[in-house]
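A.B. asks: can you look at this prediction? I've put the sequence above it.
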Amino acid sequence: MADNSDRYDSTLDYLYGLQKHGIKLGLANIKELMNMLGRPHDSFRSIHIAGTNGKGSTATAIASVLMKSGLSVGLFTSPHLVSFTERIRINDRRISEYDVIEIAQRLREEISATELNPTFFEIVTAMAFHYFSRNNVDWAVVETGMGGRLDATNVIDPEVTVITNIGLDHCEFLGSTISDITFEKAGIIKSGVPLVTAALNEDVIKQLSGIARERNSEIHIYGRDFSGSIRDIDARHISIDYNGDRNYANFPVPLSGEYQLYNMCTALRVCEILRGKGLPISDTSMKSGLQSINLEGRLEWVSQRPPILIDCAHNPDAARSLAASIKRLFSDKKIILIAGIMADKDISGILREIAPLASSIILTKAKCERAALPEKLGETMSDLHGSGTNQGPFSVAGADTVSQALDLAKSICGEDHIILVTGSFYTTGEVKEVLGADSTLSRLREFK
């Protein structure tokens, strides 16, 4: 009989192996997995969040307010920056490595007696819902992995659905137009369940409104039904005013970036709806919830000497929002940009937004098969510069690894510089590892 060490290694190999299956959208497997586990997703109430950007920030804010309201709250997000255990939390406490292996082993044993061939994300979703159920959470805030209609998380029956915004990303899976992607993400809208959206594109709003109407879902739209403004912003915080069912002034948030306004207002609107359903959410818990947010990888300072800032912007819309915040916050600084982008992303679109910020650019590659080579990024930079899209002067260099890129950036970093690392979760997460962050099962990443 295998000892515990052998079982651990075997289960870990199983989880690593699942990643090779890539992405297969559909609900058949997750429904079977839920039945195997006794339908754990029926044991808690939930909020379901889709969108191109802002899902993690919005989910974390909602979960924080619910916790401050005295509820036990599960939070499921993806991907992770450093540790796999970041993805599954209860009351902001990460799942343990022991629980990951124990639940995965149970699923593996049950699946072995069937013809099921689940993907990595399907297994992780099942693990999260089982973990939440057996720990008796009151609520779960659940972020989709990709899309919505055929995403594994779409087995839940939520109390509120959220679509943060919609842009072009994952086009090979979700469609090549904004309309196609909107249709897929709108798949989380349920009959009679209110929808909250911070989408700003008028065509997207019109399409979402039509689908919501068909499903008898009341839609709450940013700018029409609720809104907000930034009262104050610095390199570490924003303070917002909110207008909804009630008006709130000067709510501090320990995150920076102009784009967080929409995420925080969306979270507050969700909480207002839940309060209308009878949840004990007070004004105090709303404010303290936002003030207590714990979120990594979004305009996060990871070093002071030298000053290093990371942001996991991985598509053009996110890069555009990042650029706007950098311009507002650091107009008096020179930016040394470290960019590492996945080969299947819109490299040109991302670099077009962020390259003009920089006085120096270092192109690099994360330890990931999907990562674009620095040479490929360099070719794109040359095309952009040649077309006049980027106005210099800036220097461009390459580095084979993120660690080398950091060393190079540090060597040219002066008193008036900031090192900004962006382009993907993989690149920013690797920076944290290089700087000493503890990792747990960090290689457990799906194709995302």
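C.D. replies: Done, it's in.

A.B. asks: so where's the stretch 101-250 of the chain shaky on pLDDT?
C.D. replies: Applying pLDDT under 70 to the stretch 101-250 of the chain flags the ranges 168-176.

A.B. asks: show me where it has its strands.
C.D. replies: In the stretch 101-250 of the chain, the segments counted as strands under DSSP state E, counting those that start in this stretch are 139-143, 160-163, 195-197, 219-221, 227-233, 238-243, 247-253.

A.B. asks: export those strands to JSON lines and append columns for distance to Ser403 and mean neighbour count.
C.D. replies: (Each C-beta comes from the backbone N, C-alpha and C, glycine too.) Supplementary listing: the strands of the stretch 101-250 of the chain in JSON lines, determined by distance: least, Cβ to Cβ, whole Å; neighbours: other Cβ atoms under 10 Å:
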{"stretch": "strand 139-143", "distance to Ser403": "30", "mean neighbour count": "27"}
{"stretch": "strand 160-163", "distance to Ser403": "37", "mean neighbour count": "28"}
{"stretch": "strand 195-197", "distance to Ser403": "40", "mean neighbour count": "27"}
{"stretch": "strand 219-221", "distance to Ser403": "45", "mean neighbour count": "20"}
{"stretch": "strand 227-233", "distance to Ser403": "32", "mean neighbour count": "16"}
{"stretch": "strand 238-243", "distance to Ser403": "32", "mean neighbour count": "20"}
{"stretch": "strand 247-253", "distance to Ser403": "32", "mean neighbour count": "16"}
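
A.B. asks: closest to Ile188 out of these?
C.D. replies: strand 160-163 (5.0 Å; Cβ to Cβ).

A.B. asks: just checking, what packs against that closest one?
C.D. replies: strand 45-50, strand 195-197, helix 260-276 (3 or more Cβ pairs under 8 Å, 6 or more residues apart in numbering; DSSP states H and E).

A.B. asks: would you turn these into CSV with distance to Ser395?
C.D. replies: Below are those laid out as CSV (distance: least, Cβ to Cβ, whole Å):
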stretch, distance to Ser395
strand 45-50, 40
strand 195-197, 42
helix 260-276, 31
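
A.B. asks: what's the straight distance from one end of stretch 232-252 to the other?
C.D. replies: One end of stretch 232-252 sits 9 Å from the other (Cα to Cα, to the nearest Å).

A.B. asks: wait, I meant stretch 328-338
C.D. replies: With Cα to Cα, one end of stretch 328-338 sits 19 Å from the other.

A.B. asks: list the buried residues for that stretch?
C.D. replies: For stretch 328-338, burial by neighbour count (16 or more other Cβ atoms under 10 Å) applies to 329-330, 333-338.

A.B. asks: and the helix or strand where Leu15 lies, which residues are buried?
C.D. replies: Per DSSP states H and E, Leu15 falls inside helix 4-18. Across helix 4-18, burial judged by 16+ other Cβ under 10 Å covers 8, 11-12, 14-15, 18.

A.B. asks: which residues touch it?
C.D. replies: 2, 101, 104-105, 108, 118-120, 123, 441, 443-444 (Cβ atoms under 8 Å, 6 or more residues apart in numbering).

A.B. asks: on that earlier part again, so for Ala372, which of the helices and strands packed on strand 160-163 sits nearest?
C.D. replies: Of all those, strand 45-50 comes closest under Cβ to Cβ, at 26.6 Å.

A.B. asks: could you dump the strands of the stretch 101-250 of the chain to a markdown table with distance to Ile88?
C.D. replies: Formatted as a markdown table, the strands of the stretch 101-250 of the chain follow (distance: least, Cβ to Cβ, whole Å):
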| stretch | distance to Ile88 |
| --- | --- |
| strand 139-143 | 10 |
| strand 160-163 | 19 |
| strand 195-197 | 24 |
| strand 219-221 | 28 |
| strand 227-233 | 30 |
| strand 238-243 | 28 |
| strand 247-253 | 24 |
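
A.B. asks: mind checking which of those is nearest Pro307?
C.D. replies: strand 227-233 (17.5 Å).

A.B. asks: could you check the angle the closest one makes with strand 238-243?
C.D. replies: Counting by axes from the mean of the first three to the mean of the last three Cα atoms, to 10 degrees, strand 227-233 lies at 150 degrees to strand 238-243.

A.B. asks: quick one: strands adjacent to strand 227-233?
C.D. replies: strand 238-243 (antiparallel) (DSSP bridges).

A.B. asks: OK, contacts around Cys265?
C.D. replies: Cys265 sits in contact with 198, 222, 226-228, 240, 242, 244, where contact means Cβ under 8 Å, 6+ apart.
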